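Peer 1: Mind looking at a prediction? Sequence and model below.
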Amino acid sequence: MFNIIDGKKISADMRKSIKAEAEGYRRKYRREVGLAVVMVGENPASAIYVRNKIKACEEVGIKSFAFYLPATVSQADLEQLVAGLAADENVDGILVQLPLPQHISGSKVLSLIPTAKDVDGFSAENMGNLAMGEKCLVACTPNGIMQMLKALGIAVKGKRAVVVGRSNVVGKPMALLLLNADATVTVCHSKTENLKDECLKADILVAAVGKPKFITADMVKESAVVIDVGMNRDEEGKLCGDVDFENVKEKCSYITPVPGGVGPMTITMLMYNTLQAALFRR
Ligand code: NAP
């Protein structure tokens, strides 16, 4: 019997407690928690993400500062804006929506975000602290997955976890979080030999590949927990994950759907990180 993980419900519950904590922070410190969001250009997908982030801020009582810059903005002007936000006492978190236009050096811009305000958790220092098991701001998507497992009481300690994908934003931080939670972790990627055999060992299988229906039923162990990070379009243009959900679900104890699984947690974790950033600064 499989359980479909309801990411929307877990996310909604988390937002309620973030809202209460943000309100408590406002009362105690007489200021609102603040998130600055910087968007450059008019990428339609980015525009939707930014809109949803600002809506989430409103929902949980975090003050948002949105900056929409034209695609033609110069490197110097963008750097000046981010440096100003870095120094601004009203801003607890800074998020620069990616991708940036080709003429902009993204790494230079991102390097201006102080570690303490890096609510995406992408900086080398936050990633390094995660690797060392130190307190830090953690990338939202993998941290959201850990919160999901926790909310459902799914044990991680001592389990075999396999992460397929090793990107800096999902796969690597995911593997580190699972390792820090005492799982025995294998990370697979495009050069992995015998991928199916590796996946079949997983009590917890996380797919972060970016290929529709890539994980098939013959790659999944009976009663595994399967977490699908993928956000892809199938042949009919419908949103789908990296897991062949219909065929895989029967083998799982728990499985996340796409949409409605991991996705809803990501923006909620951005709110969580912004609150953490405000608290860390105290
Ligand atoms: P990415 O940077 O493209 O990384 C993909 C990873 O998959 C790479 O490590 C790659 O290996 C590996 N891979 C590719 N083909 C493979 C194969 N045949 N066998 C084994 N591994 C293979 O992607 P990402 O940013 O991590 O994102 C992954 C997916 O998650 C995408 O669909 C993305 O849209 C989605 N996503 C969703 C959320 C959310 O909120 N739900 C957030 C972020 C990302 P190499 O390193 O060897 O190239």
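Peer 2: Perfect, I can see it now.

Peer 1: need the contact list for Ala217.
Peer 2: Residues in contact with Ala217 (CB atoms under 8 Å, 6 or more residues apart in numbering) are 244, 247-248, 250-251. Any C-beta I mention is one placed from the backbone N, CA and C, and that applies to glycine too.

Peer 1: try 10 Å
Peer 2: Shown in contact with Ala217 (CB atoms under 10 Å, 6 or more residues apart in numbering): 243-244, 246-252.

Peer 1: got the residues of the chain near the ligand?
Peer 2: Contact residues, the chain versus the ligand (CB under 6 Å from any ligand atom): 141, 164-167, 169-171, 188-192, 195, 208-211, 229-232, 262-263, 266.

Peer 1: and these, which are buried?
Peer 2: Buried members of those, scored by 16 or more other CB atoms under 10 Å, are 141, 164-167, 169-171, 188, 192, 195, 208-209, 229-232, 262-263, 266.

Peer 1: ok so, going back, out of the contacts of Ala217, grab the one that's most surrounded.
Peer 2: Ranked by the number of neighbours (other CB atoms under 10 Å), these place Val243 first, at 32 neighbours.

Peer 1: Pick the one among the contacts of Ala217 closest to the ligand.
Peer 2: Lowest distance from the ligand to the contacts of Ala217 (CB to the nearest ligand atom) belongs to Val243, with 11.1 Å.

Peer 1: got the residue ranges for the helices in the stretch 51-200 of the chain?
Peer 2: 75-87, 106-110, 124-132, 140-151, 171-180, 195-200 (DSSP state H, counting those that start in this stretch).

Peer 1: First-to-last residue distance for stretch 154-169?
Peer 2: End-to-end distance of stretch 154-169: 23 Å, with CA to CA, to the nearest Å as the criterion.

Peer 1: Just give me how far it sits from the chain centre.
Peer 2: 14 Å (CA atoms, centre = their mean, to the nearest Å).

Peer 1: and what of stretch 207-227?
Peer 2: Counting by CA atoms, centre = their mean, stretch 207-227 is centred 19 Å from the centre of its parent chain.

Peer 1: Give the buried residues for that stretch.
Peer 2: 207-209, 212-215, 219-221, 224-227.

Peer 1: Could you dump those into CSV with secondary structure added?
Peer 2: Listed next are the buried residues of stretch 207-227 as CSV, based on DSSP: H, G, I helix; E, B strand; the rest coil:
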residue, secondary structure
Ala207, strand
Ala208, coil
Val209, coil
Pro212, coil
Lys213, coil
Phe214, coil
Ile215, strand
Met219, helix
Val220, coil
Lys221, coil
Ala224, strand
Val225, strand
Val226, strand
Ile227, strand
